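J.: What shape does this take:
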Amino acid sequence: MRNRNSIYTTRAFLIILIILVSIEVNMAQDNSFSHMLTITSNASQSLFRAQTSVNQQRESMARAAGVNDYSYERQPARAYPITATDFQVLQAPIMPDQFANSAQGVDQQTRQQMRSIFLQTLAAFEKSGRKNNMASAFTWISACAFQVRNGKEPSDADEAKITAYFNNTLAASPDYAVLTPYKQQMLYESVIITGGIMIFLDNQGRSTNNPQLRAQAAEMSKQVLKMYLGM
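T.: Predicted coordinates:
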């Protein structure tokens, strides 16, 4: 987690967290942020449908054998260079506007604040993570989910395994191969923004002693780990 290509660095986490808590957003009105996860999950579901089926079979076998073996520790057979999941950005950020415009029950000022949060979250991520790389984005949202679930960031070794897992799985996926650059950019931005919001909800829930926000973050974490890592 300390090198340039590492995603879930303490520095990146702190930068994004400061950005998020520096702008007050009223989240009590609806489940707009959970809705963001739904959009993100739907966008990425086809990429991992086959892998999820395999994960479920392996998890069932592991449970029957009394083994607690996470899916990302069982790497795909072929290893690809990290460049295999790089992509070319064709235009300015797409999802900050789409996510902000899809929020329900918020006024225009709050909508603008949300848009600003999302843009700054993307910018902060790209200062520390591998820019325009899909495996890095999926590592980020997974690391955020682990942070919410466990109260601490993944170890360097776990992060390396997660990155390799996503890079190799995506590079070998026919569904990923046919994604247009536009859809790749949408998915990349969605995953990064959703991960940042998950951390924001959990932090705000802790600092304000709000069990509703923490429960929302916990549910998002559970869904991310189940869908993307088969956990």
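
J.: Mind jotting down where the helices sit in this protein?
T.: 10-21, 32-64, 95-102, 108-128, 134-150, 156-171, 174-177, 181-207, 211-229 (DSSP state H).

J.: worst average pLDDT in those?
T.: Note on the helices of the chain: lowest mean pLDDT is at helix 10-21, with a mean of 53.

J.: re earlier: between the helices of the chain, which one is nearest to Pro81?
T.: The closest of the helices of the chain to Pro81 is helix 156-171. By CB to CB, the value is 8.2 Å. Every C-beta, even on glycine, is put in place using the N, C-alpha and C of the backbone.

J.: Next, the angle helix 134-150 makes with that closest one.
T.: Orientation check (axes from the mean of the first three to the mean of the last three CA atoms, to 10 degrees): helix 156-171 against helix 134-150 gives 130 degrees.

J.: list the helices and strands helix 156-171 packs on?
T.: On a contact count with 3 or more CB pairs under 8 Å, 6 or more residues apart in numbering; DSSP states H and E, helix 156-171 meets helix 32-64, helix 134-150, helix 211-229.

J.: Only the buried residues of the second one, if you could.
T.: To tie it back to what came earlier, the one meant is helix 134-150. For helix 134-150, a neighbour-count test (16 or more other CB atoms under 10 Å) marks 134-149 as buried.

J.: In terms of secondary structure, what does that helix contact?
T.: Helices and strands touching helix 134-150, by 3+ CB pairs under 8 Å, 6+ apart, are helix 156-171, helix 181-207, helix 211-229.

J.: I'd like these written out as CSV, with mean neighbour count and distance to Ala100 added.
T.: Formatted as CSV, the helices and strands packed on helix 134-150 follow (neighbours: other CB atoms under 10 Å; distance: least, CB to CB, whole Å):
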stretch, mean neighbour count, distance to Ala100
helix 156-171, 21, 27
helix 181-207, 22, 10
helix 211-229, 19, 18
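
J.: closest one to Ile82 among those helices?
T.: Ile82 lies closest, by CB to CB, to one member of the helices and strands packed on helix 134-150: helix 156-171, at 5.7 Å.

J.: Alpha carbons only: can I get the closest one in PDB?
T.: Only the C-alpha atoms of helix 156-171 are listed here, as PDB (Å, rounded to 0.1, in the frame of the first residue of the first chain):
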ATOM      1  CA  ASP A 156      -0.300  -4.800   1.700                       C
ATOM      2  CA  ALA A 157      -0.400  -8.500   0.900                       C
ATOM      3  CA  ASP A 158      -4.200  -8.600   0.700                       C
ATOM      4  CA  GLU A 159      -4.300  -5.500  -1.400                       C
ATOM      5  CA  ALA A 160      -1.800  -7.000  -3.900                       C
ATOM      6  CA  LYS A 161      -3.900 -10.200  -4.100                       C
ATOM      7  CA  ILE A 162      -7.100  -8.200  -4.600                       C
ATOM      8  CA  THR A 163      -5.500  -6.100  -7.400                       C
ATOM      9  CA  ALA A 164      -4.100  -9.200  -9.100                       C
ATOM     10  CA  TYR A 165      -7.500 -10.900  -8.800                       C
ATOM     11  CA  PHE A 166      -9.400  -8.100 -10.500                       C
ATOM     12  CA  ASN A 167      -6.700  -7.400 -13.100                       C
ATOM     13  CA  ASN A 168      -6.600 -11.100 -14.200                       C
ATOM     14  CA  THR A 169     -10.300 -11.700 -14.000                       C
ATOM     15  CA  LEU A 170     -11.200  -8.600 -16.000                       C
ATOM     16  CA  ALA A 171      -8.400  -9.100 -18.600                       C
END
